[in-house]
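> Whatever this is, show me its structure:
(chains A and B)
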Protein chains: 2
Amino acid sequence: MTSPVSYDEVVTAARRIAAVAVRTPLLRSDALDAATGGRIFLKPENLQRTGSFKFRGAYNRLSALGPGEAPGGVVAFSSGNHAQGVAAAAALLGLPALIVMPSDAPAIKVARTRAFGAEVVFYDRLTEDRAAIAAGIAASRGAVIVPPFDDAHVIAGQGTAGLEAVADLAALGLTADLALVCCGGGGLASGFAVGSQLPVVAVEPENWDDVNQSLAAGHIIPVSDPQPTRCDALQTLRMADVTFATLTAHGARGDVVSEAEVARAVAFAFRELKLVVEPGGSVALASALAGRVDLRGKTALVVLSGGNVDADVFAACLAEG
Amino acid sequence: MTSPVSYDEVVTAARRIAAVAVRTPLLRSDALDAATGGRIFLKPENLQRTGSFKFRGAYNRLSALGPGEAPGGVVAFSSGNHAQGVAAAAALLGLPALIVMPSDAPAIKVARTRAFGAEVVFYDRLTEDRAAIAAGIAASRGAVIVPPFDDAHVIAGQGTAGLEAVADLAALGLTADLALVCCGGGGLASGFAVGSQLPVVAVEPENWDDVNQSLAAGHIIPVSDPQPTRCDALQTLRMADVTFATLTAHGARGDVVSEAEVARAVAFAFRELKLVVEPGGSVALASALAGRVDLRGKTALVVLSGGNVDADVFAACLAEG
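Coordinates of the predicted model:
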């Protein structure tokens, strides 16, 4: 199967975002190497502009808009990280942004989305269809919808994180054997596979494992009525055709982490890395610490995908983990 | 007045620690620039090996030991960050380490000091003299004492943070106007002044402002019976002759922050920077946010000096700040 998103598209995206995105560093930790038996390099996208990797894809999508293509600006639906990414990218490009957010989105994510100048419209996650609401608003105001992961430009933008990480490793004289990547709809995991050209493990929270199930089955399998998760950023019921095709073309596999493993990873990042990582942003680290993916003797990239977490959720993770 | 620690000594220290210390990145934040009116670059030493800058000075001091100079290893007294720095440096150099710690040191700092392989001996902060205890142990076992700040090698090691920050700014085509540095006994502030060759503002917590008082008076003034502070890393009653002379030679001035300003800075770092910063490590950021030092239109370095904080203290800062 051919990847729908090419390496060249990621290189182009890297050029587009270079002046505005943070080139996040690679970090390492003796404690993490000791716990995994591997040589682990972290890509801390919690230090990215807006506090998550989402800015990369959003800015790449928006800067690829043609003249007059979005007279009414941009519309996105998101539980929060994509919302902030789109809002910040739109503000930098002088476009109005409206974000459709679930009414139970973390307060910090709502506040920060507004702080970037976006208008926020709420919907009820259980009874309303956010895609339909967004489509209606976009049509009425001549705006362009920026999907969270079902878009080649968005995926290519996320892939710049993989491109950077591999280049920074090469500067140290190293190559990685694999990458563990946090996964909701698979935009980051897909982009990372393309940009890094590494075998990717797409890590999801338990019950929200549509990507894991789909990769294992060889066709898309949605999840329905999953249990709640504290990984609000990864609550995706069904991956997209483009992320399925990209991950399949790159031979990606998956891992699923429990809520307890997530809390342990958030606490580990607090204690050993001195980083604030949100639950959904810690699932790849949780997988590395859980030991199901054998990292012994290997060089691995582990992505920390975001750090937008309310203080009470963070404190609960520290108490539990 | 001539500085007792020279720029060349910092350059030598940088060579000594290069292979083992983290070259911490420079980070920035739109929110911080907006709050201060300046162009602020953070030097996050919470991401340093052992979770604070202290590793730099400790490793430089220990690697300057002559052959046979420390047959019984090294002894240090510290509330925790210097302890971890000495313990980690000693482990890397194959030296036994014993640390004299106050019985009320944060649990995380005691646990981490032991995790680096050091022996810990407790003393009562109110009734016992830690320097005398350390001297007695060192004499009995033929060990060398590594002072927390009263030592030119230690100061030169801390100064490598300033050297790196200025070099990284230069690579961006920038020079800073000043640096805000967290200050206990003045080891980091002194080293940073030498290594960066910038005007330094030494920031202390209220009531523990011996350096501020001394710089203002032109001679060393100790503080006595200060109120408790959550900045456990900065509880120094009296600066040393060498830090006084170094800071004076470089024209350093000071600022003092309140406990409430510290909590606000810890919470700001959590929310906006996604960094875990301990109370004592956040005082320079607290000063920048408080606005008493005019940063409008200026380019400034702000040091985050450590991130070793217990979860309950961190949660309390978030709730308050």
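> burial count for the residue lying closest to residue A:308 once chain neighbours are set aside?
Nearest non-adjacent residue to residue A:308, counting by CB to CB, 6 or more residues apart in numbering or on different chains: residue A:51, 4.5 Å away. No exception for glycine: its C-beta is placed from N, CA and C like everyone else's. Burial measure for residue A:51: 29 neighbouring residues, criterion other CB atoms under 10 Å in any protein chain shown.
> Next: the one 5 residues further on.
By the other CB under 10 Å criterion, the neighbourhood of residue A:56 contains 35 residues.
> next one: stretch A:171-187 to chain centre, how far?
On the basis of CA atoms, centre = their mean, to the nearest Å, stretch A:171-187 sits 12 Å off its chain's mean C-alpha point.
> So that stretch, near chain B or not?
No. If you take CB under 8 Å from any CB of the partner chain as the test, stretch A:171-187 misses chain B, and the best it gets is 11.6 Å.
> quick one: is the helix or strand of chain A with the lowest mean pLDDT near chain B?
The helix or strand of chain A with the lowest confidence, counting by mean pLDDT, DSSP states H and E, is helix A:107-115 at a mean of 89. Yes. Residues of helix A:107-115 contacting chain B under CB under 8 Å from any CB: residue A:108.
> buried residues in that helix?
A:108, A:109, A:110, A:112, A:113, A:115 (16 or more other CB atoms under 10 Å in any protein chain shown).
> Please report the distance of the residue nearest the centre of chain A from residue A:278.
For chain A, the residue nearest the mean C-alpha position is residue A:188 (4.8 Å; CA atoms, centre = their mean). To residue A:278, residue A:188 is 14 Å away according to CB to CB, to the nearest Å.
> again with residue A:240
Look at residue A:240 and residue A:278: by CB to CB, they are 23 Å apart.
> out of the two, which sits in the more crowded spot?
residue A:278 (34 against 20).
> Quick check: closest non-adjacent residue to the more buried one.
Distances taken as CB to CB, 6+ apart put residue A:309 closest to residue A:278, at 3.8 Å, once the chain neighbours are dropped.
> There's contact between that neighbour and residue A:276 in this structure, I believe.
Yes. Taking contacts as CB atoms under 8 Å, residue A:309 lies within contact range of residue A:276: 6.8 Å.
> Packing partners of the helix or strand encompassing residue A:283?
Residue A:283 belongs to helix A:283-290 when assigned by DSSP states H and E. If you count contacts as 3 or more CB pairs under 8 Å, 6 or more residues apart in numbering or on different chains; DSSP states H and E, helix A:283-290 packs onto helix A:30-36, strand A:178-182, strand A:200-205, strand A:253-257, helix A:259-268, strand A:299-304.
> what about 6 Å?
Under the contact definition 3 or more CB pairs under 6 Å, 6 or more residues apart in numbering or on different chains; DSSP states H and E, helix A:283-290 sits against strand A:178-182, strand A:200-205, strand A:253-257, helix A:259-268, strand A:299-304.
> For residue B:149, find the nearest of those.
When the helices and strands packed on helix A:283-290 are compared by CB to CB, helix A:259-268 sits nearest residue B:149, at 30.9 Å.
> who touches that closest one?
With CB atoms under 6 Å, 6 or more residues apart in numbering or on different chains as the contact definition, helix A:259-268 has outside contacts at A:277, A:279, A:282, A:285, A:286, A:289, A:290, A:317, A:318, A:320, A:321.
> what angle separates it from strand A:200-205?
Helix A:259-268 runs at 110 degrees relative to strand A:200-205, counting by axes from the mean of the first three to the mean of the last three CA atoms, to 10 degrees.
> Show me what counts as buried in helix A:259-268.
In helix A:259-268, counting by 16+ other CB under 10 Å, buried: A:259, A:261, A:262, A:263, A:264, A:265, A:266, A:267, A:268.
> For the stretch 1-150 of chain A, just list every one of the helices.
Under the criterion DSSP state H, counting those that start in this stretch, the stretch 1-150 of chain A contains helices at A:7-17, A:30-36, A:54-63, A:81-93, A:107-115, A:130-141.
> Show me what counts as buried in the shortest one.
Using 16+ other CB under 10 Å as the test for burial, helix A:30-36 gives A:32, A:35, A:36.
> Would you check that the last one makes contact with residue A:290?
Right, residue A:36. No. Using CB atoms under 6 Å, residue A:36 and residue A:290 do not qualify as a contacting pair, with a distance of 9.7 Å.
> if you average pLDDT over the longest helix along chain A, what comes out?
Identified as the longest helix of chain A according to DSSP state H is helix A:152-171. Here helix A:152-171 scores 98 as its mean pLDDT.
> cool, stretch A:44-56 as well?
Stretch A:44-56 comes out at a mean pLDDT of 97.
> tell me the domain ranges of chain A?
A:7-53+A:152-320, A:55-145 (automatic domain parsing).
> So which of the ones you listed is the most surrounded?
domain A:7-53+A:152-320 (a mean of 22; mean count of other CB atoms under 10 Å in any protein chain shown).
> and the end-to-end length of that domain?
Start-to-end span of domain A:7-53+A:152-320 (CA to CA, to the nearest Å) is 41 Å.
> now do stretch A:180-196
Stretch A:180-196: ends 12 Å apart by CA to CA.
> Serialize the buried residues of helix A:259-268 to CSV and add fields for pLDDT.
CSV is the format used below for those (pLDDT from 0 to 100):
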residue, pLDDT
A:259, 97
A:261, 98
A:262, 98
A:263, 98
A:264, 98
A:265, 98
A:266, 98
A:267, 98
A:268, 98
